[in-house]
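> turn this into a model:
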Amino acid sequence: MVDRDGFWYRVLAASYGEAAGRLEVGGRSCSYWWREVARIRDGVGEEGESWFSERVSRKVGDGATTLFWRDRWLGDVPLCQRFGRLFELAEDKSISVALMFSLGWDERGEAWKWRRRLWAWEEELVAECRLLLANVTLQINVLDT
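Below is the predicted model:
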């Protein structure tokens, strides 16, 4: 679990930067060790792309530290891959599961914010995504892992 409010996360973010809820590598000035950690995270290596992320998934508790679109928490692939078109159109690509849930991801919910009005076939994708989310419940006193 990444504690984005924790001391070490803040130290690393100050040293290397942060974009879209992820620590940056930090350019040429970063240590060899940190570059290797980033290579593992990003799946660069002998076994192919995303070998690390393909073997790690999130277990959602309260949803506070799980990214709705980017983390693999609902099925075998992140929602940004499964619903790539919706991800492209989403206003907030780094929204947490908890915030999406609290805004309401049902048909009348306010969680769905798009850069433009959706076409009919894109609305069908949203309906498919909502169907996946229909049985998701969050556990308020349990942290994501």
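
> after whatever helix or strand residue 10 lives in, next one along is what?
Secondary structure from DSSP states H and E places residue 10 in helix 7-16. Later in the chain than helix 7-16, the nearest helix or strand by DSSP H and E is strand 18-19.

> which other residues reach that following strand?
residue 24 (C-beta atoms under 8 Å, 6 or more residues apart in numbering). Heads up, the C-betas are built off the backbone N, CA and C, glycines and all.

> show the subsequent helix or strand relative to the helix-or-strand element of the chain with minimal mean pLDDT.
Ranked by mean pLDDT, DSSP states H and E, the helix or strand of the chain with the weakest confidence is helix 51-54, at a mean of 62. Under the assignment DSSP H and E, the closest C-terminal helix or strand after helix 51-54 is helix 79-82.

> check the offset of the helix or strand that comes right after that following helix from the chain's centre.
As assigned by DSSP H and E, the chain's next helix or strand after helix 79-82 is helix 84-89. On the basis of C-alpha atoms, centre = their mean, to the nearest Å, helix 84-89 sits 13 Å off its chain's mean C-alpha point.

> count of neighbours near residue 130?
When neighbours are counted by other C-beta atoms under 10 Å, residue 130 registers 15.

> surely it is in contact with residue 106?
Yes: the pair residue 130 / residue 106 is scored as a contact, 6.6 Å apart, by C-beta atoms under 8 Å.
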